[in-house]
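Asker: No sequence on hand, only this structure:
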């Protein structure tokens, strides 16, 4: 059985593409499928932000082939876990939920690491170092998620 994970941010150009790329590096592709989406439709079909591509490349992760897409209600059926980057995205995703099963799939990416913050800040309007900070927040969260996913597949 393949576990399906969706990473969600606002535009699907900064945080969620990074989260997709990072988690893909930490799990086995034959066990875990990872994708990303945005709650807004501003950038559909476009590459991730060049700063996300650059910070990922710095850590030997290539996200340049990803293309932005918008989150839809169908994603509740397609994915087992939906990780959102901040409370605003959480609210937007939950608003599309049809039932409690849909809602139970959604959680903040950093919900397991509240020692830092509950939200991954949006680096879009930040300086370039914001992307570096976001990379590390997401990387740490994906370490924990990968351990949980590996436990599912090794049990």
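Answerer: That came through fine. Bear in mind the structure is a predicted one, so any value in this text is a computation, not a measurement.
Asker: Pull the residues that contact the helix or strand hosting residue 20.
Answerer: For residue 20, the element it lies in under DSSP states H and E is helix 15-26. Here helix 15-26 makes contact (CB atoms under 8 Å, 6 or more residues apart in numbering) with 5, 7-9, 32, 34-38, 48-49, 52, 55-56, 61-63, 66, 68, 83, 85, 109, 120, 122-123, 131, 134-135, 138-139, 141-143, 145-146. (Each C-beta comes from the backbone N, C-alpha and C, glycine too.)
Asker: Which ones among those residues map onto strands?
Answerer: Taking DSSP state E as the definition of strands, the contacts of helix 15-26 contribute 5, 7-9, 32, 34-38, 83.
Asker: among the contacts of helix 15-26, which ones are buried?
Answerer: Burial by neighbour count, 16 or more other CB atoms under 10 Å: within these this picks out 5, 7-9, 32, 34-38, 48-49, 52, 55-56, 61, 63, 66, 68, 83, 85, 109, 120, 122-123, 131, 134-135, 138-139, 141-142, 145-146.
Asker: if we can go back for a sec, can you redo the ones in strands among the contacts of helix 15-26 as TSV with pLDDT and distance to residue 73?
Answerer: As requested, the ones in strands among the contacts of helix 15-26 are arranged in TSV below (pLDDT from 0 to 100; distance: CB to CB, whole Å):
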residue	pLDDT	distance to residue 73
5	98	18
7	98	17
8	98	13
9	97	18
32	97	23
34	98	20
35	98	15
36	98	17
37	98	12
38	98	15
83	97	17
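Asker: Could I get the phi/psi values of residue 122?
Answerer: The phi and psi torsions at residue 122 (degrees, to the nearest 10) take the values phi -80, psi 120.
Asker: Repeat that for the one 3 residues further on.
Answerer: Reported as degrees, to the nearest 10, the phi and psi values for residue 125 are phi -100, psi 10.
Asker: Tell me, how many residues neighbour it?
Answerer: The local packing of residue 125 (other CB atoms under 10 Å) involves 6 other residues.
Asker: What is the most widely separated pair among the ones in strands among the contacts of helix 15-26?
Answerer: The most widely separated members of those, counting by CB to CB, are 32 and 38 (21.0 Å).
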